[in-house]
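Undergrad: sequence unknown, structure follows:
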């Protein structure tokens, strides 16, 4: 089965590193023109490196700096992308952060920063994407769907996580946002799903895998006994963005090496 996203345009938020960069490269390899979104000047070099890998491999795309928690910047990003590429077919809502603290010590700024980027950012981008999907309508030369949105959630939309209340709350809310959009716009042939990664080898969780001791401890949570790679998420994103997945909408799909089976209970708990 060869999946082609040729003639389609994809915005990938938070694509300068980690899971986002893996998804951007996978979409580009499948033929999509990819907008490598990054949040600030500090991530410009990383975003340019991701784009270089894409273009060196024969792909097409641009980088675009935009803080997804800013309504003004998100609206401008979609306007600029549509002006340059004609439309948007695929949105990967990936941008996210962690600001960890014990609950009684968590500041309002830590709470708001995570909610504003992880949840409000996904709302703003999804809203602008759906507006464009409805404006354009279905173009069978591009896809049988009117548009595709893939939210990047986490196993922590179902697994509580002490010390990370803001992060877990944002991911739980993403599940309801995704399902509500799938319900509200299903009749318009807009497909909305979530990918829920488990332990993926990225900079955001480097402390959990960067030493043999840390990795061994992490594997106690993963029955499949390996850490995930960004391309594991990218491969699924390509499938969900393709017409092969046309009857999949409103789904949270876990890519976690069976972490959500709670391995600690494999010997009786």
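TA: Ah, there it is. Just so you know, these numbers come straight off a predicted model, no measurement behind them.
Undergrad: give me every residue that touches the closest residue to residue 246 other than its chain neighbours.
TA: Setting aside the residues directly before and after it, residue 246 is nearest to residue 144 in space (CB to CB, 6 or more residues apart in numbering), at 5.6 Å. For glycine as for every other residue, the C-beta is placed from the backbone atoms N, C-alpha and C. Residues touching residue 144, when contacts are defined by CB atoms under 8 Å, 6 or more residues apart in numbering, comprise 138, 189, 243, 246.
Undergrad: ok, of those, which come out buried?
TA: Neighbour-count burial within the contacts of residue 144 applies to residue 189; the criterion is 16 or more other CB atoms under 10 Å.
Undergrad: columns distance to residue 41 on top of the contacts of residue 144, output as TSV?
TA: Supplementary listing: these in TSV, determined by distance: CB to CB, whole Å:
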residue	distance to residue 41
138	38
189	39
243	38
246	40
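Undergrad: what ranges does this protein have for its strands?
TA: Read by DSSP state E, the chain holds these strands, from start to end of the chain: 9-12, 33-38, 60-65, 90-93, 147-152, 190-197, 252-255.
Undergrad: want to try JSON lines for these, with mean neighbour count, mean pLDDT and distance to residue 1 as columns?
TA: Below are these laid out as JSON lines (neighbours: other CB atoms under 10 Å; pLDDT from 0 to 100; distance: least, CB to CB, whole Å):
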{"stretch": "strand 9-12", "mean neighbour count": "29", "mean pLDDT": "98", "distance to residue 1": "20"}
{"stretch": "strand 33-38", "mean neighbour count": "28", "mean pLDDT": "98", "distance to residue 1": "21"}
{"stretch": "strand 60-65", "mean neighbour count": "19", "mean pLDDT": "98", "distance to residue 1": "23"}
{"stretch": "strand 90-93", "mean neighbour count": "29", "mean pLDDT": "98", "distance to residue 1": "19"}
{"stretch": "strand 147-152", "mean neighbour count": "27", "mean pLDDT": "98", "distance to residue 1": "18"}
{"stretch": "strand 190-197", "mean neighbour count": "25", "mean pLDDT": "98", "distance to residue 1": "18"}
{"stretch": "strand 252-255", "mean neighbour count": "18", "mean pLDDT": "98", "distance to residue 1": "17"}
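Undergrad: redo those as a markdown table? Include distance to residue 128.
TA: What follows is the strands of the chain, written out as a markdown table (distance: least, CB to CB, whole Å):
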| stretch | distance to residue 128 |
| --- | --- |
| strand 9-12 | 9 |
| strand 33-38 | 12 |
| strand 60-65 | 13 |
| strand 90-93 | 8 |
| strand 147-152 | 11 |
| strand 190-197 | 13 |
| strand 252-255 | 23 |
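Undergrad: leaving out the residues flanking it, which one is nearest to residue 114?
TA: Distance criterion CB to CB, 6+ apart; nearest residue to residue 114, sequence neighbours excluded, is residue 166 at 4.0 Å.
Undergrad: list the contacts of the closest residue to residue 60 other than its chain neighbours.
TA: Residue nearest to residue 60 in three dimensions, not counting chain neighbours: residue 33, with 4.6 Å by CB to CB, 6+ apart. Shown here is residue 33, whose contacts under the criterion CB under 8 Å, 6+ apart are 8, 9, 10, 60, 61, 85.
Undergrad: repeat for residue 110
TA: Residues in contact with residue 110 (CB under 8 Å, 6+ apart) are 99, 101, 166.
Undergrad: top of those by neighbour count?
TA: Ranked by neighbour count under the definition other CB atoms under 10 Å, the contacts of residue 110 are headed by residue 166 with 24 neighbours.
Undergrad: my read: that residue touches residue 106, true?
TA: Yes - here residue 166 reaches residue 106: they are 6.5 Å apart, a contact under CB atoms under 8 Å.
Undergrad: mutual contacts of the two, please.
TA: Counting by CB under 8 Å, 6+ apart, the residues touching both residue 166 and residue 106 are residue 99.
Undergrad: mind checking how far the nearest residue to residue 258 once chain neighbours are set aside is from residue 167?
TA: In space, residue 258 comes closest to residue 223 once its chain neighbours are excluded; the distance is 4.1 Å by CB to CB, 6+ apart. When CB to CB, to the nearest Å is applied, the distance between residue 223 and residue 167 equals 23 Å.
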